[in-house]
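Student: Fold the following.
(2 chains)
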2 protein chains.
Amino acid sequence: MNFNVKNDTFLRALLRQPTEYTPLWMMRQAGRYLPEYRATRAKAGSFMGLCTSPSYATEVTLQPLDRFPLDAAILFSDILTVPDAMGLGLYFAEGEGPKFQRPLRDEAAILALREADVDKDLRYVTDAVSEIRKALDGRVPLIGFSGSPFTLSCYMVEGGGSDDYAKVKTLMYNDPKLMHHILEVTTRSVINYLNAQIEAGAQAVMVFDSWGGVLSHAAFHEFSLAYTRRIIDGLIKEKDGVRIPSIVFTKGGGLWIEGIADTGCDAVGLDWTMDIGIARQKVGDRVALQGNIDPAVLFASPDAIRTEVGRVLSSYGFGSGHVFNLGHGISQHVNPEHAAALVEAVHELSRKYH
Amino acid sequence: MNFNVKNDTFLRALLRQPTEYTPLWMMRQAGRYLPEYRATRAKAGSFMGLCTSPSYATEVTLQPLDRFPLDAAILFSDILTVPDAMGLGLYFAEGEGPKFQRPLRDEAAILALREADVDKDLRYVTDAVSEIRKALDGRVPLIGFSGSPFTLSCYMVEGGGSDDYAKVKTLMYNDPKLMHHILEVTTRSVINYLNAQIEAGAQAVMVFDSWGGVLSHAAFHEFSLAYTRRIIDGLIKEKDGVRIPSIVFTKGGGLWIEGIADTGCDAVGLDWTMDIGIARQKVGDRVALQGNIDPAVLFASPDAIRTEVGRVLSSYGFGSGHVFNLGHGISQHVNPEHAAALVEAVHELSRKYH
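Tutor: Numbers count the residues shown, from 1 in each chain, chains lettered A, B, ... in the order given. From the prediction side, this is the model:
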C-alpha cells in the first residue's frame, strides 16, 4: 500500500506490515521539555493561544521532528477542545491546570448538553491539521487525536482535574442514565471531530482514555470501553484509497487489553506497567502495540536509557506490529539530550528484530 | 483451629476455611471521616501524636468497631514509622503530608543507612499493639501492618510524596545496586517490625505496597516483589499454636497477581480495578482474596452502595476465601452512614454465598 509519505514506517507498523526497524514517536513530544517550545509558547501568550492558532500549532508540532528523527508527528492540541466546543467554557487558571466555567453539576445542565459543531467551533483544529500536513510535506505521517468520551466526561463533571473523581463517580453510581447521556452526546462529538481531522489530513488517529484506568472492571466496560468501540465503528477507515489506522490508549488499562483490542482498533497503546511481550501474547495476532517504556527512564543516563530500550524491544521480540513510544507523556523536566538518546537507541537496537 | 477470638470469621476466611458470611473491614477505617476520630486527633494535637501514644492509638483503633460490626481491627499507625526509626527524621509539614528531614539523596547517605532498632525506636508501636489487644478483649482479630520495602524506599529517596517518582526512579535506573542496598536494609527492618507486632499480639499482618503499581513489569519484580517475598519468608507463621495469616496488597498490582500469590502470603489484597472473579480464577486455589469495591462507591447513595456490594460478592461467587474490603482507603469525605450501609449490605447479602 502506498501511504503517500516518504517515511511510512509508523503506518506500516500499525498495520503489522514489515518494516526495517521499529518506528517511534513520543507522547507529548511537542512540549515544555523543549526550549524552542517554551519560546513559541511565550510568543503565543498561553497554552490555548498555541492550540487556537494554526500557525503556532504547526510550529510546535514540527519542533521535535526538527530535533529528532521521529517517525510520526502528532497534532498539537488539547483533549479539552471538544467539551469547550460543547459549551462548557474552557479556561486555564494560573498554575491550576484546565477548568470549565460551566461544569455539568446538575440534571438540567446535563440534559441541555449539545453536540459540538465541529465545522464551526473546532475549525481552528482542522485548519491546524491542514497547515501541519502542508508543512510536513510528506516527511512523516500526522496523527490526529481525541480524548475518550469517559475521560472528557470526567473533566466535564469534575470541572477540571481531580484526585478522587468523587463527583463523576457519584453521578455514575447514583444515576447511570444521566452519565450515559453525557457519554452519548460526547461520543457523537468525538466521532465527528476525529473524522473532520481525517478529512483535513490526519493519517492515523488516536483515542486517549487517560482516566479509564480509575474505573472498576465493570464500570470500565460500561462507561468507557463501550463508547470507545462506538468511536472506532464510526471512524472513516480509508481516505483516497489509503487506510487510516486507529490507536486506543487507556492509561492503566493493561487488565482489559483483550477488550480494548476487540474494539476494532488497529493498535493498542500500553502504559509502562504491562510487559509488552505478555501483551503481544494476548492480542498480538489481532492488533499492533504501541509503547511502552517507563517515561521516568528519561531522567536516567543515556546508558540506562539504552538498556531499558533494549529490554522493551526484546520483550516485544521479532517481527512487525510494534510502534515504540513512552508509556505516558514526556515530562517537562527531561533533558532533550536524553530524548535524543532514546530515539537513537530505538532506531539502532530495533533493526535486528526486523 | 481455635483462634482465641470471639469473631474469627476474618481469620478463617484468610485461611479459606468455611464461614457463615463474608467478613469485612475497611482500609483506613479509623480515620478522618469519623467525627470521633477528629475529636481524638484534636486532643492528641497531631497525627503523629496519635501514632506515638498507645492510649490514643487504642482509642482510634476501636472507634470504627464501636460504630460498625466490622470483623477485624487494624492497628492505627503510619507506614513511615519504619524509615523514621531508620534515622530519616519524619515530620509533617502543615498541609503538605509527611516529609523526611534527612532523605536519601546521595551515596554516602544510602551507605550509612541503618536498620531500625525495633525494640527501642518502635516500642511505641508494639506497646500500642498490646494495649489494643487488651482493649479488644477478643472481640475481633487485630491486624498489624507495614509498608513494603519499595514503597518505603520511594518515600525515603523522594523525601515525601511524589507525582512522578523522578528521584527514586532515577536512582533505580542509574544505580540499581544502591537501590538494592536501601531495599535490603529496609527489608530487614520490616521483617523485625512485623515480627515484633506479632509477638506483641497482632493476629494477622498486611504488607502495603502502595506504590508498587508505578513500576514497569520488570522493575516491579526486581525492586518490589522480590523483597515482599523475603518478608513473607521471614515472618513468624504461628504463635502459641495459632496461625498468623499474611496479606499482600499492591495498589495497581492486578497484572502481577500470580506473582504476588506466589510469595507465600495467605491472601492477596486487590484494588478496585480488577474483577475479583477473574482474580479468583487466576489464584483462588492458592490464596484468599481481600477487596475490592471502588472506595468512591461510598460517595453514592446507600441503594447504589448495596448494588455495588452485590456485584463484588457475586463476582467472587460461592464459598470461602473472600475478605470484603475497599479497593483503597476510605476517603475523609465519606458520610459515616454510607459506611454503615456498606457493612450492613456485605453481612446481609453475603450469607447466600456461604
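
Student: hang on, residue A:205 in a strand?
Tutor: Yes - per DSSP: H, G, I helix; E, B strand; the rest coil, residue A:205 lies within a strand segment.

Student: Could you count how many residues lie near it?
Tutor: 26 (other CB atoms under 10 Å in any protein chain shown). Any C-beta I mention is one placed from the backbone N, CA and C, and that applies to glycine too.

Student: next one: residue A:76
Tutor: So residue A:76, with other CB under 10 Å, has 25 neighbours.

Student: same deal with residue A:139?
Tutor: Neighbours around residue A:139, by other CB under 10 Å: 17.

Student: List the contacts of it.
Tutor: A:5, A:6, A:7, A:65, A:73 (CB atoms under 8 Å, 6 or more residues apart in numbering or on different chains).

Student: gap between it and residue B:13?
Tutor: Going from residue A:139 to residue B:13 by CB to CB, to the nearest Å gives 61 Å.

Student: avg pLDDT for whichever strand or helix holds residue A:177?
Tutor: In the assignment (DSSP states H and E), residue A:177 maps to helix A:176-200. For helix A:176-200, mean pLDDT rounds to 98.

Student: Show me which positions of that helix end up buried.
Tutor: For helix A:176-200, burial by neighbour count (16 or more other CB atoms under 10 Å in any protein chain shown) applies to A:176, A:178-183, A:185-198, A:200.

Student: on that earlier part again, filter the contacts of residue A:139 down to the buried ones and hand me the PyMOL line.
Tutor: Listed next is the PyMOL selection for buried residues among the contacts of residue A:139, using 16+ other CB under 10 Å:
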select buried, chain A and resi 5+7+65+73
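
Student: Sort out for me which of the contacts of residue A:139 are in helices.
Tutor: residue A:65 (DSSP state H).

Student: From the contacts of residue A:139, pick the one nearest residue A:58.
Tutor: Nearest to residue A:58 out of the contacts of residue A:139 is residue A:73 (CB to CB; 9.8 Å).

Student: my guess is that closest one meets residue A:63, correct?
Tutor: No - in this structure, residue A:73 is not within contact of residue A:63 by CB atoms under 8 Å, at 10.1 Å.

Student: my read: residue A:79 touches residue A:149, true?
Tutor: No - taking contacts as CB under 8 Å, residue A:79 lies outside contact range of residue A:149: 10.9 Å.

Student: Show me which of those two is the more surrounded one.
Tutor: Taking other CB under 10 Å, residue A:79 and residue A:149 do not tie; residue A:149 has more neighbours (29 against 18).

Student: Next up, the contacts around that one.
Tutor: So residue A:149 contacts A:183, A:186, A:187, A:190, A:224, A:227, A:228, A:231 (CB under 8 Å, 6+ apart).

Student: what about residue A:143, which SS state?
Tutor: Counting by three-state DSSP, the backbone at residue A:143 sits in strand.

Student: is it in a bridge, and if so with what?
Tutor: As for beta bridges, residue A:143 partners with residue A:74, residue A:204 under DSSP bridges.

Student: residues near it, how many?
Tutor: 22.

Student: Tell me the pLDDT of it.
Tutor: For residue A:143, the predicted pLDDT is 98.

Student: Then residue A:1?
Tutor: pLDDT, residue A:1: 64.

Student: and if you look at residue A:312?
Tutor: 98.

Student: distance of residue A:319 from residue B:187?
Tutor: Where residue B:187 is concerned, residue A:319 sits at a distance of 40 Å (CB to CB).

Student: Likewise for residue A:96?
Tutor: Taking CB to CB, one finds residue A:96 at 40 Å from residue B:187.

Student: ditto for residue A:352
Tutor: Relative to residue B:187, residue A:352 is positioned 38 Å away (criterion: CB to CB).

Student: Need the contact partners of the worst-scoring helix or strand of chain A on mean pLDDT.
Tutor: Every helix and strand in chain A was compared by mean pLDDT, DSSP states H and E; the lowest is strand A:90-93, with a mean of 87. Contact with strand A:90-93 is made by A:46, A:47, A:48, A:80, A:81, A:83, A:84, A:98, A:99, A:100, A:101, as judged by CB under 8 Å, 6+ apart.

Student: Which among those residues count as buried?
Tutor: Using 16+ other CB under 10 Å as the burial test, these include A:48, A:80, A:81, A:83, A:84, A:98, A:99, A:100 as buried.

Student: How about the last one, nearest residue that isn't a chain neighbour?
Tutor: Right, residue A:100. Using CB to CB, 6 or more residues apart in numbering or on different chains and skipping the chain neighbours, the partner closest in space to residue A:100 is residue A:88 (4.2 Å).

Student: and that neighbour, what is it in contact with?
Tutor: Going by CB under 8 Å, 6+ apart, residue A:88 touches A:100, A:101, A:102, A:103, A:104, A:156.

Student: which residues touch the closest residue to the second one other than its chain neighbours?
Tutor: If I follow you right, that is residue A:101. Of all residues beyond its chain neighbours, the one nearest residue A:101 is residue A:89 (3.2 Å), with distances taken as CB to CB, 6+ apart. By CB under 8 Å, 6+ apart, residue A:89 lies in contact with A:100, A:101, A:102.

Student: ok, the closest residue to residue A:70 other than its chain neighbours to chain B distance?
Tutor: Distances taken as CB to CB, 6+ apart put residue A:25 closest to residue A:70, at 5.0 Å, once the chain neighbours are dropped. Going from residue A:25 to chain B by CB to the nearest CB, to the nearest Å gives 20 Å.

Student: any idea how far residue A:190 is from residue A:25?
Tutor: Residue A:25 is 22 Å from residue A:190, by CB to CB.

Student: ok, which stretches of chain A are strands?
Tutor: A:73-74, A:90-93, A:97-100, A:142-147, A:204-209, A:238-239, A:242-243, A:246-250, A:267-269, A:288-293, A:322-326 (DSSP state E).

Student: Ramachandran coordinates for residue A:101?
Tutor: phi -70, psi -30 (degrees, to the nearest 10).

Student: For it, give me the pLDDT.
Tutor: 94.

Student: With residue A:162 instead?
Tutor: On pLDDT, residue A:162 comes in at 87.

Student: For it, grab the count of nearby residues.
Tutor: Other residues near residue A:162 come to 16 when the count uses other CB under 10 Å.

Student: how near is it to residue A:98?
Tutor: 12 Å.

Student: related to what we said a few turns ago, give me the buried positions along the least confident helix or strand of chain A.
Tutor: By neighbour count on 16+ other CB under 10 Å, the buried set for strand A:90-93 is residue A:90.
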